[in-house]
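*Asks:* Here is a sequence together with a model predicted from it:
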Amino acid sequence: MNSAELLDATPHALQDAAKDHLWMYFARHGQYKTNDVPMIVRGEGCYIYDENDRKIFDGLAGLFTCQIGHGRKELGEAAKTQSDKLSFFPLWGYAHPMAAALAERLADLAPGDLNRVFFTSGGGEAVETAWKLAKNYYKMVGKPTKYKVISRALSYHGTSQGALSITGIPFAKSAFEPLVPGTHKVPNTNFYRAPEHVKHDEKEFGIWAANRIEEAILLEGPETVAAVFLEPVQNSGGCFPPPPGYLDRVREICTKHDVLFVADETITAFGRIGETFAVNRYGVQPDMITCAKGLTSGYAPMGAMIASEKLFEPFNQDTNMFAHGSTFGGHPVAAAVAMKNLDIMENEKINEHVRENESKFRKTLEKLYDLPIVGNIRGEGYFYGIELVKDKETGESFSPQESEKILRGFISKALYEGGIYCRTDDRGDPVIQLAPSLIAEQVHFDESEEKIRKVLLQAQKMY
Ligand SMILES: Cc1ncc(COP(=O)(O)O)c(C=O)c1O
């Protein structure tokens, strides 16, 4: 079959094509010997439709990505206009108008002097770029021994070997060890699982957690540490917002020890937390931001690393250069899509919409607290995690075997079959993660709560 025939083929033929030839990410392929591959065919607003035209609520905006919802024709039109004019040109010593205009726009939106935009094809590549820049910068300014990175337990920063080294999820890393040397992990900001001595005061907990970063810098030797990488609200583990004072303290520590503060905003940027960049909400100034996903609402692949003037300066002298780049970074079609996406977000006041509705979203999800299996609901903006527990009183979690049976074996499938696509994650304690498109309203919050409730009521009978 040629590609036109295949795309018009029956769902059955497409299932065979997927089973026989497609290698999906982080997928247990063995299950597809006996089960169908979930196949998503189209999207509209907050919903996706499968191969049988079943309507499913997209509770994850694809993958924390589709900010303005599915099926917006303007983005495809912007892509076509740009493709007709200049379909491709690389940024290797040349510019094109869309990359220049988008760089200026992002520099305007980013806080303080974060004025230099290095485009990538996605978030992991932006993280990779940020680490390389940190190492290269310190070599340029006469501190060549600074190369190490501090990041947080359970954090996810991408799958390439550098970004994976920064990642704090042992399961994602173990098959690929040894990875890039020089990364060290500190506690994240999961207040629900705070150590006993700081468990009653969120602020105290935040300062304690930030001080673990300083401790790691001192243990490694400040003369060896180049950067701290963290998400303003950490996704993996189930949505950990920064406790009050935490990010300020991290900034203070980084400045004190001449360590770069990199905010990985791959998920949190472009409205997810109600601001273009989440660091603006928390009033903290990083040295670099990495971003991707919502930049184009997923209508084209694109990411960026945004650096401060200070970091660019050594590369702006004589014959110096940052010897790094890729063919597709800053692709003109992706840049045109990003520009249109930012226009739409601005014209339709998407950030304001998130800020106005986030507490309604939270309150709706908090109705689930009446279920014994729901231990903690946390998050900010349109970004929530629901932690599931075996014993609500003590906070006891499920064992890995129970989690396999209940979370992966039942909840995950039952949610999808029940008409909601969202993530169940057991990389830390088991959580359900919700991050719908940023156009979602009360009706969608209600639908999420009802569908999750139905499944959890059944899950509670399994232990
Ligand atoms: C915080 C964070 N950083 C980096 C990445 C990697 O981005 P990508 O999959 O675009 O490479 C992700 C992906 O989910 C992420 O959540």
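*Replies:* Sure, I can see it.

*Asks:* outside of stretch 190-206, which residues touch it?
*Replies:* For stretch 190-206, contacts defined as Cβ atoms under 8 Å, 6 or more residues apart in numbering pick out 189, 208, 237-238, 240, 242-246, 249, 375-376, 378, 387, 395, 428-429. For every residue, glycine as well, the C-beta is placed using N, CA and C.

*Asks:* What subset of the residues you listed is buried?
*Replies:* Buried members of the contacts of stretch 190-206, scored by 16 or more other Cβ atoms under 10 Å, are 189, 208, 237-238, 240, 242-243, 245-246, 249, 375-376, 378, 387, 428-429.

*Asks:* and Thr120, how many residues sit next to it?
*Replies:* The local packing of Thr120 (other Cβ atoms under 10 Å) involves 26 other residues.

*Asks:* Ok, Ala18 next?
*Replies:* So Ala18, with other Cβ under 10 Å, has 16 neighbours.

*Asks:* before we move on, which element is it in?
*Replies:* According to DSSP states H and E, Ala18 maps onto helix 11-21.

*Asks:* Name the surrounding residues that touch that helix.
*Replies:* For helix 11-21, the surrounding residues in contact (Cβ under 8 Å, 6+ apart) are 1, 6, 9, 32-33, 36-37, 39, 51-52.

*Asks:* swap in stretch 217-228?
*Replies:* For stretch 217-228, the external contacting residues (Cβ under 8 Å, 6+ apart) are 130-131, 134-135, 137-138, 143, 145-151, 182, 184, 213, 216, 250, 253-254, 257-262, 287-288.

*Asks:* which element follows the helix holding Ala18 toward the C-terminus?
*Replies:* strand 40-44.

*Asks:* Export whichever helix or strand comes after that following strand to CSV, keeping only CA atoms.
*Replies:* Going down the chain from strand 40-44, the next helix or strand is strand 47-50, by DSSP H and E. Output of strand 47-50 as CSV, limited to C-alpha atoms (Å, rounded to 0.1, in the frame of the first residue of the first chain):
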residue,chain,number,x,y,z
TYR,A,47,-11.4,16.6,22.9
ILE,A,48,-9.7,13.9,20.8
TYR,A,49,-11.4,11.2,18.7
ASP,A,50,-10.1,7.6,18.3
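
*Asks:* quick revisit: next, the angle from the helix holding Ala18 to strand 40-44.
*Replies:* Helix 11-21 and strand 40-44 meet at an angle of 110 degrees, taking axes from the mean of the first three to the mean of the last three Cα atoms, to 10 degrees as the criterion.

*Asks:* Need the phi and psi values for the residue of the stretch 251-400 of the chain found nearest the ligand.
*Replies:* Among the residues of the stretch 251-400 of the chain, Thr266 lies closest to the ligand, at 3.4 Å counting by Cβ to the nearest ligand atom. When read as degrees, to the nearest 10, the backbone of Thr266 gives phi -50, psi -40.

*Asks:* How about it: what's its closest non-neighbour residue?
*Replies:* Nearest non-adjacent residue to Thr266, counting by Cβ to Cβ, 6 or more residues apart in numbering: Gly123, 3.3 Å away.

*Asks:* you'd agree that neighbour is up against Ala292?
*Replies:* Yes. Assessed by Cβ atoms under 8 Å, Gly123 is found in contact with Ala292 at 3.7 Å.

*Asks:* what touches both of the two?
*Replies:* In contact with both Gly123 and Ala292: 266, 303, using Cβ under 8 Å, 6+ apart.

*Asks:* and the contacts of stretch 190-206, which of them are in strands?
*Replies:* Those of the contacts of stretch 190-206 mapping onto strands are 375-376, 378, 387, per DSSP state E.

*Asks:* Leaving out sequence neighbours, find the closest residue to the most centrally placed residue in the chain.
*Replies:* The structure's the chain has its C-alpha centroid closest to Ile267; by Cα atoms, centre = their mean the separation is 3.0 Å. Spatial nearest neighbour of Ile267, excluding adjacent residues (Cβ to Cβ, 6+ apart): Phe64 at 4.4 Å.

*Asks:* Enumerate every residue touching that neighbour.
*Replies:* Phe64 neighbours (Cβ under 8 Å, 6+ apart): 235, 266-267, 272, 293-294, 383, 435.

*Asks:* mind redoing it with 10 Å?
*Replies:* By Cβ atoms under 10 Å, 6 or more residues apart in numbering, the residues touching Phe64 are 123, 235, 266-268, 270, 272, 292-294, 298, 382-383, 423, 433, 435-436.

*Asks:* That one falls within a helix, correct?
*Replies:* Yes. The assignment for Phe64, made by DSSP: H, G, I helix; E, B strand; the rest coil, places it in a helix.

*Asks:* And the residue of the chain closest to the ligand?
*Replies:* For the chain, Cβ to the nearest ligand atom, closest residue to the ligand: Gly123, 2.5 Å.
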